[in-house]
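[1] next come a sequence and a model predicted from it.
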Amino acid sequence: MKKLHKKIYVAAGYYTVSFGSGRKEFNPRKPMPAFETYLAETAKGTLSQVKNPDAFDEGVIANFMAGRFIKQGNLAGFLPNMVPCLKHKPCIRVEGACGSGGLGLATGIKAVLAEQAESVFVAGFEVQNTVKAVYGADILAGAGYHGGERKAGHAFFFPGVFSDRAGAYYQKHGAELARRGMAKWFEIAITNARKNKRAQEFHNAEKDLFALGMMPPNPKAFVEHLNFFDCSKVSDGAASLVIASEEGLARLGVSEHDAVEVAGFASAEGNITEKPYDLTDLDTTAAAGQRALQMAGLRHGDIGTLELHDCFTITGLLALESLGFADRGTAAQFVLDGHTATDGKLPTNSSGGLVGYGHPTGASGVRQLVDLQLQLTGKAENQAPIKKDHGLMISMGGNDRTVTCVIVKRA
Amino acid sequence: MRIVVEHGSQKVYFSRYMKEITTMVLNEALKNVTVLGAAGKMGSGISLLLLQEMARLELEQTGRLGSGGFVLNLVDTNETALGELRRYLRKQLVKYAEKNIVMLRIYTKDNPALVDNSDVIESFVNDSQDLLRTNTDPLSAKSSKLVFEAIIEDLDVKLGVYNNLNRVCPPDTMYFTNTSSIPISEIDSKAGLGGRIIGYHFYNPPAVQKLVELISSAGTTTDIKNISMELGKRLKKTIVPSNDKAGFIGNGHFLRDVLYSFDLVSELQKRFAPHEAVYCVNKITQDFMVRPMGIFQLHDYVGVDVCRHILAIMKTYLGNPGFENETINAMYKNKIIGGQFADGSQKDGFLKYEKNKPVGVYSLQENRYILFSEGDWTRKCDDHLGALPKSYTPWKALLGDKKKADKLGIYFKELFSSDAAGCVHARKYLECSRSIARELVKDGVANRIEDVNQVLENGFFHVYGPENTYF
């Protein structure tokens, strides 16, 4: 595994509100903000942290299904509208389902490593509330193998996919403990989201979150092994940041103290046409995590905070185990013991994660790195104590198919 | 039957066997159904419920729709309205399919053409149209095993239809009348239906309201009773039995409630103008009594003409001359009859409406609506009624409130200890409502007081029944 041959920084992170059910201002019967609004807001948020906004060399925009949700393609064309200096410069749109944001980060990092750019503006967005959930499920099912598995799949395709994973996990490691661990994951996610004004669950005032998380799944109305609280919601939102070399950072006029440094990264792809060999393992996530740690020359104990792709609570548990932060079958207890809470030994998803903040699919990976930047620079709304210098994120697309892991450290 | 009684295990077996038979008979009968008066307010909702169930059944049995084996015959004299009915059904079926996508995907799992949810929904909605036939001639029901009748509440008109149907329909056809007041035994005996008719009284709107009042007469066959219960379950309705006395439970309570409202209006007219008294009584019955709408708004919703007609039926069959009201007759004479426009919005009646909200009261004396915004007469009324009890929570907020019972308990305690005129009138009104409920049981209209509560809560959306522990 090659080490990074130059310093790469992440800075000027920003993300919008994750808009959708749960937010007080959300009313499906009223007109909602257009996608351009999110793009404009996140660009403004990032550019406001940069002294010289004309110094960008390239732009990357990550998105999953704008072609279907908002009937808009050629998304790279929006980058010069967001960042005017990108006009006539290289811009690219990347797509890797819900892992699009992670791919966007990897693309930006590679552009700097390849010395084609000193600074890259990376954004991600998704607007999903344009259609009802029942049709949104069709669109999101595109992250699976449509010809091979959609027909036999559940109406709510991905909840069905991860319900199967949850079922396998229950069978292997015991349903009761797993369900309690998942309920605790939900409780922590919402507790964290309540401290993040931009989180979709910021207004959640439910008193007994754990009891809600323990609600028995209802296969007739939904899926067999998950309840609604195990799922991230339908969300609209955008996120953006800067990826830059030392020179690029200087040109933009951003202090290293406001940035974090990329210690390692890796992308990994699974075969979308194949079924998972083991439903209780996220092997692509494991591969990406392992390579990123190798590149960074780090061990698990060096990581002080995590940003995991908890599209479902079970995915959070599986990721902890597959990445090696918890032994097989122990993630539920690990969570129940409070280790992933903000004051725990491995604060995870401190801004709410996908369950608490929300999951505007194409934006999620970018938003996760923004949160790591905020945590490690001590600027997060729900700041965890900084006990270690490194943070690790996993951005995942489909059923553990398109995965990017990025490890950053305090600059 | 004796063996069944003497041997417990065989009794269970027999009951299960009977249930299976009922299911089979209903499934077979649902292959050809007619709705008479299908394009009307009630008929359209009944048609929707039946179409949903028939399409579901066909899918369950065959995995496809449009096999030709299922027919829903929609009959209405208004041809234009039948076109509108088709559009309404289509729109509602989309919602039904979206809501039931999990079930529909299971039913269509062997159809390789239906992959996405959108495919399944579109196919369900389009193919369901193949079940529909529209007709203006009631005799088109001649092949139907189940006939739902939701035509005008007029015995002679109904008898004309039933007499004709009885000539052309199969001898085992079952008839479900949506009458809300006419005794079933009257229709049965005069049309010679041999007990194959039952009162199947949906509440408005039928697709939303949970309640079906089931009215059997002495001659009603066991078969149709069993089918009615089974169908009620399929349509996810709460079935409440009522005995065959004009008005049944629902209108039995409602129209007596209406008559009391006029007594209260008369009492208030001692110090208020008539339109002011109507305003007060409407406010007492809605706000002070925590009901979904005031009695005059409900009166308009049902229709002044409909209420008048039902009163006349109750007067005839119950032999009680009290079931008549001069004000209602005067309103009817002035052609101010409420009801709804085709788009569902409220027509003016006792009250004038803007965006379905009352904005004025009709004055028979001045032959015009006096708007709430004219002068300060409503303030005078409000001042007289006084403030609502402090713990007041509006009906809508209470509807889904888990602490509804606690809140109502506190509210009524305050209401019953207040001297405010609004509270005093509300108290009398509530006591009257309770007396009506008890009388319905005493007179053998309802079997139990709980049935009256069920009707008021499920059919009228009240958040408490007239018989309760709050007061």
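    Received the coordinates, thanks.
[2] contact partners for the residue of the stretch 1-150 of chain A at minimum distance from chain B?
    Residue nearest to chain B within the stretch 1-150 of chain A (C-beta to the nearest C-beta): residue A:138, separated by 4.3 Å. Yep, even glycine has a C-beta here, placed from its N, CA and C like the rest. Counting by C-beta atoms under 8 Å, 6 or more residues apart in numbering or on different chains, residue A:138 touches A:157, B:116-118.
[3] so which of those wins on neighbours?
    residue B:117 (28 neighbours; other C-beta atoms under 10 Å in any protein chain shown).
[4] residue A:15 touches residue A:369, doesn't it?
    No. In this structure residue A:15 lies outside contact range of residue A:369 using C-beta atoms under 8 Å: 10.1 Å.
[5] for the contacts of residue A:138, which one is nearest residue B:422?
    In terms of C-beta to C-beta, no member of these lies closer to residue B:422 than residue B:117, at 51.4 Å.
[6] for that closest one, give its distance to residue A:137.
    Counting by C-beta to C-beta, to the nearest Å, the gap from residue B:117 to residue A:137 is 6 Å.
[7] who touches both of those two?
    Residues touching both residue B:117 and residue A:137 (C-beta under 8 Å, 6+ apart): residue A:155.
[8] distance of residue A:252 relative to residue B:245?
    According to C-beta to C-beta, residue A:252 and residue B:245 sit 85 Å apart.
[9] more neighbours, those two?
    Higher neighbour count among residue A:252 and residue B:245: residue A:252, with 25 against 20, using other C-beta under 10 Å.
[10] what's the burial count for residue B:97?
    The number of residues near residue B:97, taken as other C-beta under 10 Å, comes to 23.
[11] so it is in contact with residue B:120, correct?
    Yes. Under the criterion of C-beta under 8 Å, residue B:97 makes contact with residue B:120 at 7.2 Å.
[12] closest one of the contacts of residue A:138 to residue B:268?
    Of all the contacts of residue A:138, the one with the least separation from residue B:268 (C-beta to C-beta) is residue B:117, at 56.6 Å.
[13] so the closest one touches residue A:132, yeah?
    No. With contact defined as C-beta under 8 Å, residue B:117 does not count as touching residue A:132 (9.6 Å).
[14] what does stretch B:15-29 contact?
    Applying C-beta under 8 Å, 6+ apart, the external contacts of stretch B:15-29 come out as B:57, B:61, B:145-146, B:174, B:223, B:226-227, B:229-231, B:234.
[15] ok, now with 7 Å
    B:57, B:145-146, B:174, B:226-227, B:230-231 (C-beta atoms under 7 Å, 6 or more residues apart in numbering or on different chains).
[16] can you check the pLDDT for residue B:341?
    In the predicted model, residue B:341 carries a pLDDT score of 86.
[17] do you know how far it is from residue B:149?
    The gap separating residue B:341 from residue B:149 is 24 Å, by C-beta to C-beta.
[18] so the two - more neighbours on which side?
    Neighbours were counted for residue B:341 and for residue B:149 using other C-beta under 10 Å; residue B:149 has more, 25 against 8.
[19] report pLDDT for that one.
    98.
[20] pretty sure it contacts residue B:182?
    No. Contact criterion C-beta atoms under 7 Å: residue B:149 and residue B:182 do not qualify, at 11.0 Å.
[21] enumerate every residue touching the most centrally placed residue in chain B.
    The residue lying closest to the centre of chain B (C-alpha atoms, centre = their mean) is residue B:203, at 1.2 Å. The neighbours of residue B:203, taking C-beta under 7 Å, 6+ apart as the test, are B:209, B:211, B:459.
[22] for the first one, phi and psi?
    With angles defined as degrees, to the nearest 10, residue B:209 sits at phi -70, psi 130.
[23] who's in contact with it?
    Contacts of residue B:209 (C-beta under 7 Å, 6+ apart): B:202-203, B:458-459.
[24] chain B contacts on the stretch 101-250 of chain A?
    A:132, A:134-135, A:137-138, A:150-151, A:155 (C-beta under 7 Å from any C-beta of the partner chain).
[25] farthest pair in these?
    Across these, the longest distance by C-beta to C-beta is 20.9 Å; it joins A:132 and A:151.
[26] if we can go back for a sec, tell me, what's touching residue B:97 and residue B:120 both at once?
    Counting by C-beta under 7 Å, 6+ apart, the contacts common to residue B:97 and residue B:120 are residue B:104.
[27] any idea which element the closest residue to residue A:228 other than its chain neighbours lies in?
    Spatial nearest neighbour of residue A:228, chain neighbours left out: residue A:222 (6.6 Å); criterion: C-beta to C-beta, 6 or more residues apart in numbering or on different chains. Following DSSP states H and E, one finds residue A:222 outside all helices and strands.
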